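> Here's a sequence, model it:
(3 chains)
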Amino acid sequence: MILVYLRNDLPYSRFGFTASRRVGNAVQRNRARRLLRESIRLQLDHIEAGWDLVLIARPAILKQSFQQVDVSCKRLLAKAHLLTSSVAVPPEKDEIL
RNA sequence: AAUAAGUGGAGAACCGCCGCUGCCAGUAUCGACUUCAUGUUGUCAUUGGUAGAGGAACUUCCCGACUCCCGGCCAUCGAUUGCGAUGGCAAGGUUGCCUCACGAAACAGCAAGUGAGGGCGCCAGACCAGCAAUGGCCUGGUGACUACAACCGCAACAGAGAGUAGUCCCGCCAGCGGCCCUGGCAUCCGACCAGGGUGCGGGUAAGGGCUGAAAGGGUGGGGUAAGAGCCCACCAGCGGUCGUAGAGAUACGUCCGGCUAGGCGAGCGUGCAACCGGGAGCAAGGCGAGUGGGUCAGGCUGGCGUGAUACACACUGGUUUGAUCUCGUCGCAGUGACUGCCGGUGAGGCCGGAUAACACCCGGCAAACCAGGCGUCACCACGCCGAUUCAUCGGUGUGAGACAGAUGGCGGUAGCAGACAAAAACGUCUGUAACAGAAUCGGGGGUACAUCCACUUUUUCAUU
RNA sequence: CGGGGCGUAGCGCAGUCCGGUAGCGCGCACGGUUCGGGUCCGUGAGGUCGGAGGUUCAAGUCCUCUCGCCCCGA
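The predicted structure is shown next:
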């Protein structure tokens, strides 16, 4: 997946989820978006306010379970220094989405 | 019993927690309208309840409902600056052997597609007749089956020749031109005349050969130097007139014609025939606001959350100021019945007008019908409330409907599949489904599909 | 909801309109040139024309269905 973020100078953050036709057909694009949305929903309390974030799905997400997607998502947020409190971020492993 | 194919049906279970979208109800805040009080309604927050993808939702090959837009020329009639009605033509569109049926849902009509029967052509097989060529008949298969005899266009290579056919080889010919020989004109030569030869030029497409997917009727006679539909008779084939049979395609018969015409109408050219108003699509379109609404920022004020609680910060409703952008809403939602009302359609029917009369036509009526609206009732699924004989009854509520587009995540149980282990069972671990996601609705066709069930058929094995 | 286009050799494209030989450039292989490499010269290999069916004597080309990809309009 790809994370694009930009400071919006608002007291809250906004999120967008995108899956292009390269990801697959309508069913597969819907599933990719839902996985990303659920992963962000569980992290809402730990994400800094004042940012616009867009998560872009890549075709490899279809082969991953939700846990793998969630780990990748957390790792991306930590890399962008968008997490507020200390969240247990798993260490980097070999497989990277 | 296994296997494969086809057709039809089913096509993802249950419980808990968190989350999303619509609707309903309660609570609270603020605003608007109204009232003597009350109340109605909108928005946001929050709580509870409830509903929430498919057989193909895919595809877009089609049709319809529904909505909007548009229409050339001529004639007649009525009106008399635009217009309306009727008829015709043009343009455009569709179809292409015939009939019937399905698709086909108000009268009529309706496509993609499908079925049955028939006609004609072609192919294969059996039988019959005949020495044979061939013909007849039956069965099966197959055909996008209007016309290349209106026009335009196309055909590589090979071959003599491929579109008003053509002489390359073998043949045939001596009428014509040339050459040679003989004879005649008293003699020689030339010319001329007669006869013969030659196939060089030439004629000949009748016979054979060669090339190719394809090479321009058959028999007999006349005719000719030799031949040729060159001419004639008959036959085959083609076009047409008329008659008979049939619902029609068409078949049979008759006469006439020109004598032969080859192939490709899947060549999106074109001609012909028949039929038909056309086009766009819910991003259709209607309504409202634009002094409105959305977004952002500031002020005032209410709610709620957090913290260190007379305060600060975040979010949010109302109001107001500024900037910026068009926005909101309807269309838009169970199934079925009642015909209760309204609306619509109304072929055929009835009545009236019109006519000498009938038909057409005009007006009306109503049966029947409808995918439209309202209303009532029933049913299905689920929830809530009440009652009781504890399984029913009664009451009540809901029925996907978004507008960057809602169905997801986690845990557990069961089932299934695989692996370990194993005589089997128990057990442990892993995985959890194929094709695929609603956007106005309905219907037909096509395509994709794990697994299960039913039926039919193919093949193999076992038993009798 | 409607309209249009593309698919041909490893890659990029002609040929399709109007049927008959599948070709061009780069790349690849071999040989030559050079002390060696590149450049250059010569020779050569390589394509079920997305798939299925049909029309035709003959289909990359025409027709029908189907698969994949791309674009446009409201």
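
> list the contacts for the residue positioned nearest the centre of chain A?
Closest residue to the average C-alpha location of chain A: A:Cys73 at 4.2 Å, with Cα atoms, centre = their mean. With contacts defined as Cβ atoms under 8 Å, 6 or more residues apart in numbering, A:Cys73 is in contact with A:Met1, A:Leu36, A:Ser39, A:Ile40, A:Gln43, A:Leu55. To be clear about C-beta, it is placed using only N, CA and C from the backbone, and glycine gets the same treatment.

> mind redoing it with 7 Å?
By Cβ atoms under 7 Å, 6 or more residues apart in numbering, the contact list for A:Cys73 reads A:Ser39, A:Ile40.

> what about it, helix or strand, and which?
Using DSSP states H and E, A:Cys73 sits within helix A:66-79.

> how about that helix as CSV, C-alpha atoms only?
Output in CSV follows, covering the C-alpha atoms of helix A:66-79 (Å, rounded to 0.1, in the frame of the first residue of the first chain):
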residue,chain,number,x,y,z
PHE,A,66,-6.3,-8.5,7.8
GLN,A,67,-3.6,-8.9,10.4
GLN,A,68,-0.9,-8.5,7.7
VAL,A,69,-2.6,-5.4,6.3
ASP,A,70,-3.0,-4.0,9.8
VAL,A,71,0.7,-4.5,10.6
SER,A,72,1.7,-2.8,7.4
CYS,A,73,-0.6,0.1,8.0
LYS,A,74,0.8,0.7,11.5
ARG,A,75,4.3,0.5,10.2
LEU,A,76,3.5,3.1,7.5
LEU,A,77,2.0,5.4,10.1
ALA,A,78,5.0,5.1,12.4
LYS,A,79,7.3,5.7,9.5
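
> Right, I'll call it a day here.
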